[in-house]
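Undergrad: Coordinates only, no sequence provided:
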């Protein structure tokens, strides 16, 4: 099926570097201090903070603590946190190949042991638009969709047969009817929900990869990279100096977050 798909390669990309925008794009908003090792933010400006003991705390837009999840050490360290849907918070524990789904108050909805589904090697997972879960099985080299019980709903063919090469996808994003799979060395592979390849974007070397509205975003060195597929426009925006020391960075439609040692800096985006 994928072999018959029309593959749209990018031969031309409009590209520019903006230094002036960095002074006005990132406006300091507030800081959250404390023991913070990882974080995420949802579309309602709720912030989810993981500490060094792997306690997960949810803070609302006013800075008030809404909920806490303490039973995280049972499966080791959290490798991935997906809050795309605030009603279904996804925690992925790579070492135990386990996915835990929490509700909006961080109570456990379901626990999925991927090993019981014969899935043993996964780096990238994400929530789907219909409250299911996408995983990329690196052992079988297949993109799979499962439900909250771990039942397999869909799987593509072996990607090695389709592309004659192996991939190491570190991120999956479900956005506006498409799946964006990111391999840092090969780029962005875009599929529809039926596993048909729709496009390839050779955007390589990005950290903090994410799809945000109409943009594909990431960071590279001291710059925010923002690509708009609709007009092939790639922007490289120099970030403030304070971002260079960040452990991780998150860009949303309205804010930018920079995690440093014991501090999360939040900026409004203009």
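TA: That came through, no problem. Note that the structure is predicted; figures quoted are calculated from it, not measured.

Undergrad: okay, now the closest residue to residue 102 other than its chain neighbours: neighbour count?
TA: Distances taken as C-beta to C-beta, 6 or more residues apart in numbering place residue 89 nearest to residue 102, at 4.2 Å, with adjacent residues excluded. The C-beta positions use only the backbone N, C-alpha and C, and glycine is treated the same way. Neighbour count of residue 89, defined by other C-beta atoms under 10 Å: 27.

Undergrad: How about residue 164?
TA: Residue 164, neighbours per other C-beta under 10 Å, totals 7.

Undergrad: ends of stretch 126-140, how far apart?
TA: 18 Å (C-alpha to C-alpha, to the nearest Å).

Undergrad: same check, this time on stretch 209-219
TA: Stretch 209-219: ends 7 Å apart by C-alpha to C-alpha.

Undergrad: hang on, residue 126 packs against residue 133?
TA: Yes: applying C-beta atoms under 8 Å, one finds residue 126 in contact with residue 133, separated by 7.3 Å.

Undergrad: Now for these two: what residues contact both?
TA: The contact sets of residue 126 and residue 133 overlap at residue 90 (C-beta atoms under 8 Å, 6 or more residues apart in numbering).

Undergrad: Looking at those two, which has the bigger crowd around it?
TA: The neighbour comparison of residue 126 against residue 133 (other C-beta under 10 Å) goes to residue 133, with 26 against 21.

Undergrad: Verify the contact between the residue nearest to residue 102 and residue 78 for me.
TA: No: using C-beta under 8 Å, residue 89 is not in contact with residue 78, being 11.0 Å away.

Undergrad: which stretches of the stretch 151-270 of the chain have low pLDDT?
TA: Within the stretch 151-270 of the chain, no stretch has pLDDT under 70.

Undergrad: now the strands for it?
TA: 152-155, 171-175, 178-183, 187-192, 197-201, 207-212, 215-220, 223-228, 233-238, 248-251, 255-260, 263-269 (DSSP state E, counting those that start in this stretch).

Undergrad: Please consider this matter closed, and thank you.
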